[in-house]
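Peer 1: below are the sequence and a predicted model; questions follow.
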Amino acid sequence: MFPVLPVTSVSGLIETADVVSGSVGRVLVSLSGDQIKDTLPIVRSVSEKFVDISVLLTGDASTDELISLLDAGVEYLVVSEPVVADLIESGVPGSRLVINISEKAGEFLESIASDSSQLDSNLNIGFYIGSFGISKHQSLVAAGQAIAKTVLATTGGARFLLVSDPSFVSSSNAIAPAIPVVEAHYLSTETTGNGTLSIASFITNRLVSDRVDGLYTTLVVDAYDNSLGLVYSSEESISEAVRTGKGVYQSRKRGLWYKGQTSGAEQTLLRIDVDCDGDCVKFVVDQTAPGFCHNNTSTCFGQYSGISALEQTLISRKKNAPEGSYTARLFNDSKLLTAKIMEEAEELCDAKTANEISWEAADLIYFAMTKLVQEGVSWNSVQRNLDLKSRKISRRKGDAKRKWQAKLEEKEQDANKSRDDARQDKKPKNADQTSSTVTTNGTEQPQIKMNVVTVTPETSETEIAKVLTRPLQKSADIMKLVTPIINNVRDNGDKALIELTEKFDRVKLQSPVLYAPFPENLMQISEEVKAAIDLSISNIEKFHAAQINKDEVLHVETAPGVICSRFSRAIESVGLYVPGGTAVLPSTAMMLGIPAKVAGCKNIILASPPRSDGTLTPEVVYVAHKVGAKAILLAGGAQAVAALAYGTESVPKVDKIMGPGNQFVTAAKMFVQNDTSAQVSIDMPAGPSEVLVIADGTSNPAFVASDLLSQAEHGVDSQVILIAISMTDDQLAAVETEVHEQAMRLPRVDIVRGSIAHSTTIRVDSIERAMQLSNQYGPEHLILQVHEASRLLPLVEHAGSVFVGAWSPESCGDYSSGTNHTLPTYGYAKMYSGVNTDTFMKHITSQELTEQGLKNIGPAVMALAATEGLDGHRNAVKVRLESLGAL
Ligand SMILES: NC(=O)c1ccc[n+]([C@@H]2O[C@H](COP(=O)([O-])OP(=O)(O)OC[C@H]3O[C@@H](n4cnc5c(N)ncnc54)[C@H](O)[C@@H]3O)[C@@H](O)[C@H]2O)c1
Ligand SMILES: N[C@H](CO)Cc1c[nH]c[nH+]1
């Protein structure tokens, strides 16, 4: 609550606003009805400069005139009781009104003393008493005490009392929480003055200290309400702060502390507020770079994040963006910036899932912020505008301009047309009513339903390609996000790793690595889960061990005396990424750790994002222990990938990084693989999970739905496809009902809604067409739930892993059957295998030639070397053949 409210006439408004702008930040202006119209522009401009104006109405004014004041940004209107009633009837909230009870304060007190229930309807309304009205009946202090006790105490701080009398200063404690209203010309930012009252003394009068040194606990925040840190104040430091308009505090060791006097990181004081019970004072300041903390961070709680961080970065880029960089281009090319803002606004309008919407909104804010910084407009003033707009009482109808309505209609027509084209005329009735509702547990719910498309021999290739399109992955944009993260870890090692983990996983670690042997208490798991892991490990180990025969060396005599051979070696150091963002995946630790162990990798390092308490899921630690991992890196995302690729003070560098992850992980893996200085390879791009189920009229609808949902629940960026071969409308409807009902029972139903929104059922009339579409899509998981499913296997050209028949749910491959679940997604099954034992090995070839062998192939080598103009190569054979007398 504010400690004092200066009151002035219109002619003194601007001057008073200047005086109080760095301390109380509020003014009460007394106005008559006929002054309102001319005062509105002044109200707007003063309010924009962060001074809140309230109006004390003298005389009469119409309801519309009073509302125009509130629309212009006036915080509170102090008016008589009948006017309050009129305004409330016109829709003005009570929280913006203060009843002027000066004229009849005595009666008012008497009446509420006899019946306090009459206050209930006015719960959030403030009260104002001028000394004149009070003096007729009783002393000001007595009136204030009575009102404070009877009226204010019941509202928990929502209601306040303004008392107008200079003598109030000395008695303010006696009638707190009433707020003194003081003629502005009596107030001064100086400590003492000729007949003036110090603003600082009003603040300190409000404060109590529960500390032995008598100092006041002081919260320092910036204009965005970011907490910068905690300090202490004294009467002297508060006086100095108000006098200088700067951040001045009381150091517990070094006395008066003018913040930034030596470092340059000083603060401009915007406002001082006192909390509800007077034991904490809040300084709102504008902080000069590099920041508030002595560690040169923006705040004592670390660097800014979100909007504040973005604004800071863009301001510094504007000063020194490298020539040719994208940001420099944006600052220098206003047309490009305008086009990007329009593009991102459109993408936000088109976004469907929660993830897409927040992603696109972030893009739009980035470009909007670039425009603000380019034009020298602070985010602070945008926030102020939002606050002032929220004070408006009159609401506009809010229709969009005609130009934009027309554009929207055009877009809708285009979308309808392409949907109709894709569905063609053979679309079954009921099959594509995506907006239908169903009743679940007695309540109507929008049906969770995949889009349905019928593919016929006439369907064009373009239409088919569209149907098989995966959710857009903005690789270039993601790369832009992960590149600075990777560079930061490469350059700053553990420090960056710890900071980024704090930023993205919201946990501050002391050390980012856990070394083997892992403490028992970190891997305590139930006997049931332990048995499940042990069984799964045993099957995975059997299947992966069978994939190699390390002792077998390949020998082939390609020509007499020319023996070529090949032998395998394990990759020495491997980094295994175990995702942990939306779900914890100990199964992925098994799928990567077991083949690494079977292959014989010497250094196995696991990486996984830590939980909010800084620990890892015990199941993951247990698996790490079982596979003989040397260390576990407690980090996720691009920062974990970078640490594994380059190594840090505590993270050992690896030779190859394996494992799935979200778009940041996948992009980071691609990045480090391309950086020759990292000398690291990767397994494959394994991104958001996906499944393609092929079903027919014989399939069990519940089984089909369950397989679709088991992948849809991974993340909103997952996609599932059902290819329905010659299913009737009823058969398809049965699957759709199962999808909805099973989904509604899943705890992750919200994620499922997101992924199903971009998933499709494709109706075809033959197995051949189904297999051709599946091969074109190249799914991570292919599930064959058709009559005599195994006969389709020879037709599979591209897929990560295949599940054959009704009794082979995809989940078995995820956990326990023995095959690997780390598989290529996004169509990469066309050129990559899933993780297997070979992923952890490399093959070395060797050859041994006898004299005869050299004589047999030497002339061919010499001829080819001559053709390539590489005489050195030719000579290496020539000198030998000459020594054998063969030339
Ligand atoms: N293809 C496969 O074989 C396979 C197997 C298992 C899981 N998956 C997939 O792996 C993915 C796991 O994703 P996840 O998110 O749950 O876990 P994750 O561990 O891959 O990602 C979490 C990390 O992402 C980083 N991150 C989050 N938001 C960020 C941002 N805005 N900027 C920079 N970094 C950010 C954080 O560092 C966080 O630790 C899912 O898509 C799942 O489908 C695939
Ligand atoms: N289905 C995922 C592979 O895309 C792996 C997984 C882990 N846990 C459950 N499923």
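Peer 2: Looks like it came in fine. Numbers count the residues shown, from 1 in each chain. Ligands and ions are numbered 1, 2, ... in the order given.
Peer 1: what sits against the residue of the stretch 551-700 of the chain found nearest ligand 2?
Peer 2: Minimum separation of the stretch 551-700 of the chain from ligand 2 (Cβ to the nearest ligand atom) falls at S689, amounting to 3.4 Å. Every C-beta, even on glycine, is put in place using the N, C-alpha and C of the backbone. By Cβ atoms under 8 Å, 6 or more residues apart in numbering, S689 lies in contact with 660, 711, 714-715, 718, 780-781, 825.
Peer 1: ok, which pair from the residues you listed is furthest apart?
Peer 2: Greatest spatial distance among the contacts of S689 (Cβ to Cβ): G715 and H781, at 14.7 Å.
Peer 1: near ligand 1, which residues of this protein?
Peer 2: Applying Cβ under 6 Å from any ligand atom, we find that the chain lies next to ligand 1 at 481, 504-505, 579-583, 585, 588, 609, 636-638, 660-662, 664-665, 686, 688-689, 714-715, 718, 780, 821-823, 825.
Peer 1: grab the most central residue of this structure for me.
Peer 2: S358 (7.5 Å; Cα atoms, centre = their mean).
Peer 1: which parts of the helix or strand hosting it are buried?
Peer 2: In this assignment (DSSP states H and E), S358 forms part of helix 354-374. Under the neighbour-count criterion of 16 or more other Cβ atoms under 10 Å, helix 354-374 has 355-356, 359-360, 363-365, 367-373 buried.
Peer 1: greatest separation within the residues you listed: which pair is it?
Peer 2: N355 and V373 (27.1 Å).
Peer 1: what subset of the contacts of S689 is also close to ligand 2?
Peer 2: Answer for the contacts of S689 near ligand 2 (Cβ under 6 Å from any ligand atom): E780.
Peer 1: ok so, going back, can I get the buried residues of helix 354-374 in JSON lines with pLDDT?
Peer 2: Output for those, formatted as JSON lines (pLDDT from 0 to 100):
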{"residue": "N355", "pLDDT": "73"}
{"residue": "E356", "pLDDT": "75"}
{"residue": "W359", "pLDDT": "82"}
{"residue": "E360", "pLDDT": "84"}
{"residue": "D363", "pLDDT": "87"}
{"residue": "L364", "pLDDT": "92"}
{"residue": "I365", "pLDDT": "93"}
{"residue": "F367", "pLDDT": "92"}
{"residue": "A368", "pLDDT": "94"}
{"residue": "M369", "pLDDT": "93"}
{"residue": "T370", "pLDDT": "92"}
{"residue": "K371", "pLDDT": "93"}
{"residue": "L372", "pLDDT": "93"}
{"residue": "V373", "pLDDT": "92"}
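Peer 1: coming back round to it: just the ones in helices from the residues of the chain next to ligand 1, please.
Peer 2: Using DSSP state H, the subset of the residues of the chain next to ligand 1 located in helices is 481, 504-505, 588, 637-638, 664-665.
Peer 1: domain assignment for the protein?
Peer 2: Using automatic domain parsing, the domain parsing of the chain gives 5-205, 207-287, 306-390, 416-471+688-818, 475-682, 850-883.
Peer 1: got the end-to-end distance for the fifth one?
Peer 2: One end of domain 475-682 sits 17 Å from the other (Cα to Cα, to the nearest Å).
Peer 1: the bottom helix or strand of the protein by mean pLDDT?
Peer 2: Here the helix or strand of the chain ranked lowest by mean pLDDT, DSSP states H and E is helix 131-135, holding a mean of 45.
Peer 1: all helices of the stretch 101-250 of the chain, in order?
Peer 2: Along the stretch 101-250 of the chain, counting by DSSP state H, counting those that start in this stretch, helices occupy 105-114, 131-135, 140-147, 168-175, 199-206, 235-244.
Peer 1: just the C-alphas of the last one, formatted as PDB.
Peer 2: To tie it back to what came earlier, the one meant is helix 235-244. Extracted as PDB, the C-alpha positions of helix 235-244 are listed here (Å, rounded to 0.1, in the frame of the first residue of the first chain):
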ATOM      1  CA  GLU A 235      15.500   5.900   8.000                       C
ATOM      2  CA  GLU A 236      18.700   7.600   6.700                       C
ATOM      3  CA  SER A 237      19.000   5.400   3.600                       C
ATOM      4  CA  ILE A 238      15.300   5.800   2.700                       C
ATOM      5  CA  SER A 239      15.700   9.600   3.000                       C
ATOM      6  CA  GLU A 240      18.700   9.500   0.800                       C
ATOM      7  CA  ALA A 241      17.000   7.300  -1.800                       C
ATOM      8  CA  VAL A 242      14.000   9.700  -2.000                       C
ATOM      9  CA  ARG A 243      16.300  12.700  -2.100                       C
ATOM     10  CA  THR A 244      18.600  11.400  -4.800                       C
END
